[in-house]
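J.: Here is my input; please provide its structure:
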Amino acid sequence: MHEMKFIQDFAIIMSLAGLVNILFHRFKQPIVLGYILVGVIAGPYTSPFAFINDKEIIKIFAELGAIFLMFSLGLEFNLRKLIKVRVSTLVAAVLEMLVIIFIGYRIGKFFAWGNIDALFLGAMLVISSTTVIVKALNDLALSKEHFAQLIFGVLAIEDILAIAVLALLTSIGISNSVSTMEVTITFGKLLLFLAVSLCIGILIVPRFLSYVAKFQRHEMLLLAVLGLCFGFCLLIVKLHYSIELGAFIIGAIIAESRHIKAIEHLIEPLCDMFSAVFFVAIGLMLDLNILVAYTIPIIIITIAVVIGKISICSFGMFITGQGARTGLRVGMGLAQIGEFSFIIASLGLSFNVTSKFLYPIAVAVSALTTLFTPYLIKFSDPLADYLKKSLPTYITDSIKGYTTGLQKSRIDNQNFTTHPLIKKILFNIFFNLTSVIVLFISVPYIHRNLLEVIFHVKNTQLSKVILLGSALTFSLPFLIAIYGKLNSLNRLLVEVGVKKVFERHLTFRFRKMMGGAMPVFFISVVLLGLTQLCYSFLPSVELLVMIVGTVLILAIGWRNWFMEMHSRLQVSFTQAIKKSLKEQL
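T.: Alright, predicted model coming up:
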């Protein structure tokens, strides 16, 4: 009887999904929304239909769909793509990840949600939907445009960032904590396992698939690929890691095979079917009552995603010389969330570390932003024209001058990588940045073993002020050194790279602007990244502003003293290294 119930539910899902697929293609609407709508109609929370009520069957559908969805995304991922990544796409993607996670986390805390809920919310808002964007660009016949190629580059970087985010959230799910020390240890173990899996997998799996392909039997190759997929997923589950992460990793490993085209051809129908099942299962788990109760958070989060992604991605493209119009078109094309958001939301539920309301919120925000995507892309050009006409002339001239200067700048790549002075500056920046990161990672350990045990200070606003203030103060020698080295590096690169593209006085002004802007931007990104490391002991916004302001005054007033302290530390460290090397010799 149970078997008949399963077949009945599966028949309902496939029939409704097929019908909706035809209708949504006919009216040129995003098919993902159609599948979710099928789930809502057939799900247990919708009267009077409620065709499917068995939550165990719904869970099986969701897990199978997630495996095939992530496996197909892994097959599309290619490690060789990373070689072709542009600086502009890398900057935009990394900047987007840092800022959006921070915005999502602060929105969660604004609504008084727990730390883990707020962190998962931030992660859900990061990754844009490849499926939705490709469909929208193809429908508008814009996929060959320059800005579309930049969007595809950002999406390639986001795939890598998505894996890092999944690994980090898996670590949080396993430790059931946002304690930086515990998460760092778990994350380190997971990264080690993934590195070993990738190395061994890339050495063995492509050779195994080449051997199987020699028999020229499609069913043999298909079964071998499915065996690898589910076998690796089983291994991941046995090690208490995320099954979705495992599916993506094995997909990326198989993607390195010479026979990837044949494999994609064989596996594509299965992936399409179970991807549809996944999105239907999302609708099955969607409780409309929760959506009504959380209407205001959904609206605020949707606005934050659209405005935040447009602003950040546009800015990332602009500062790397892609132009204001191109940057705006890229930003408006990436202003949505999709399948990875559902995966992250289901990950939190599978580890029982997130609240049940977070999943419907992710679905609602994704549905709204998906609906907006074609219109945002379509109206990006008219909006750029409107802004150009509305902004004062001196602003548009400055923007044009900045872009022209960067585009006409040429830096000899060989000199950049081999120049001893540049290498020395880069090593100093890396050393100081590593010192700051280590200092912030160790803060929770200090809190647990010093403040609580010795001074009996609990995890209150006072302890957070003490911890963050101390961490920033002790980091000042390194941060000031980083700023100084960045100034030196920028002056050198600007002198080498910025030719006389304008009149002499304009070239000087442009060089001065570039030399001053980049260090400030880099330090801002570093500080934003540090907030991700210390989110577990961030105080309220008012106290945070007060701490940062106080530390900034210290940095300006005592700059020479901090620089002298850094010099002494550097000399001591260098002498200790030289002494150690002499003793070994």
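J.: quick one: the longest helix anywhere in the chain to chain centroid distance?
T.: Counting by DSSP state H, the longest helix found in the chain is helix 461-497. How far helix 461-497 lies from its chain's middle: 24 Å, per C-alpha atoms, centre = their mean, to the nearest Å.
J.: name the helices or strands packed onto that helix?
T.: Here helix 461-497 touches helix 420-446, helix 504-533, helix 541-557, helix 559-584, going by 3 or more C-beta pairs under 8 Å, 6 or more residues apart in numbering; DSSP states H and E. Where you see a C-beta, it was placed from the backbone N, CA and C, and this is true even at glycine.
J.: could you give me the average pLDDT of the second one?
T.: Mean per-residue pLDDT for helix 504-533: 62.
J.: do stretch 46-53 as well
T.: pLDDT averaged over stretch 46-53 gives 69.
J.: can you check stretch 335-352 too?
T.: 85.
J.: okay, and the helix or strand of the protein with the least pLDDT?
T.: Here the helix or strand of the chain ranked lowest by mean pLDDT, DSSP states H and E is helix 413-418, holding a mean of 42.
J.: Touching, residue 566 and residue 479? I think so.
T.: No: under the criterion of C-beta atoms under 8 Å, residue 566 is not in contact with residue 479, lying 9.6 Å apart.
J.: worst average pLDDT in the helices and strands packed on helix 461-497?
T.: Among the helices and strands packed on helix 461-497, helix 504-533 scores lowest, with a mean of 62.
J.: For residue 133, which residues are in contact?
T.: 151, 155, 333-334, 336, 373 (C-beta atoms under 8 Å, 6 or more residues apart in numbering).
J.: Generate a PyMOL selection restricted to the buried subset of those.
T.: Here is the PyMOL selection string for the buried members of the contacts of residue 133, based on 16 or more other C-beta atoms under 10 Å:
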select buried, resi 151+155+333+334+336+373
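J.: now the helices for the stretch 251-400 of the chain?
T.: With DSSP state H, counting those that start in this stretch as the criterion, the stretch 251-400 of the chain has helices at 260-284, 288-293, 295-319, 324-333, 339-350, 358-378, 380-390, 393-408.
J.: between those, which one is nearest to residue 523?
T.: Closest approach to residue 523 among these is made by helix 295-319 (14.1 Å; C-beta to C-beta).
J.: Would you mind giving the orientation angle of the closest one with respect to helix 324-333?
T.: Taking axes from the mean of the first three to the mean of the last three C-alpha atoms, to 10 degrees, one finds that helix 295-319 is oriented at 150 degrees with respect to helix 324-333.
J.: May I see the buried residues of helix 295-319?
T.: 297-298, 301-302, 304-306, 308-310, 312-319.
J.: how near is residue 480 to residue 327?
T.: Distance, residue 480 to residue 327, by C-beta to C-beta, to the nearest Å: 31 Å.
J.: quick one: which of these two has more around it?
T.: Higher neighbour count among residue 480 and residue 327: residue 327, with 27 against 21, using other C-beta atoms under 10 Å.
J.: Isn't that one up against residue 310?
T.: No: applying C-beta under 8 Å as the test, residue 327 and residue 310 come out as separate, 9.5 Å apart.
J.: So of the contacts of residue 133, which two are at opposite extremes in space?
T.: Pairwise distances across the contacts of residue 133 peak at 13.1 Å for 155 and 373 (criterion: C-beta to C-beta).
J.: and the residue lying closest to residue 360 once chain neighbours are set aside, how many neighbours?
T.: Distances taken as C-beta to C-beta, 6 or more residues apart in numbering put residue 290 closest to residue 360, at 4.5 Å, once the chain neighbours are dropped. Residues near residue 290, counting by other C-beta under 10 Å, number 18.
J.: now swap in residue 463 and tell me
T.: So residue 463, with other C-beta under 10 Å, has 17 neighbours.
J.: With residue 392 instead?
T.: 8.
J.: let's have the chain start at 25 instead
T.: Taking 25 as the first residue, the last one we looked at is residue 416.
J.: So it versus residue 323, what's the distance?
T.: 33 Å.
J.: Ok, residue 195 next?
T.: From residue 195 to residue 323 the distance is 32 Å (C-beta to C-beta).
J.: And for residue 382?
T.: 16 Å.
J.: returning to what we had before: tell me which residues touch the residue nearest to residue 384, please.
T.: Counting by C-beta under 8 Å, 6+ apart, residue 314 has contacts 380-381, 384-385.
J.: Residue 402: which of those is nearest?
T.: Nearest to residue 402 among the contacts of residue 314, with distances taken as C-beta to C-beta, is residue 385, at 27.1 Å.
J.: The closest one contacts residue 323, correct?
T.: No: contact criterion C-beta under 8 Å: residue 385 and residue 323 do not qualify, at 10.7 Å.
J.: circling back: now, of the contacts of residue 314, which are buried?
T.: Among the contacts of residue 314, those scoring as buried are 381, 384-385 (criterion: 16+ other C-beta under 10 Å).
J.: Serialize those to a markdown table and add fields for pLDDT and distance to residue 454.
T.: Converted to a markdown table, those look like this (pLDDT from 0 to 100; distance: C-beta to C-beta, whole Å):
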| residue | pLDDT | distance to residue 454 |
| --- | --- | --- |
| 381 | 89 | 42 |
| 384 | 89 | 43 |
| 385 | 92 | 39 |
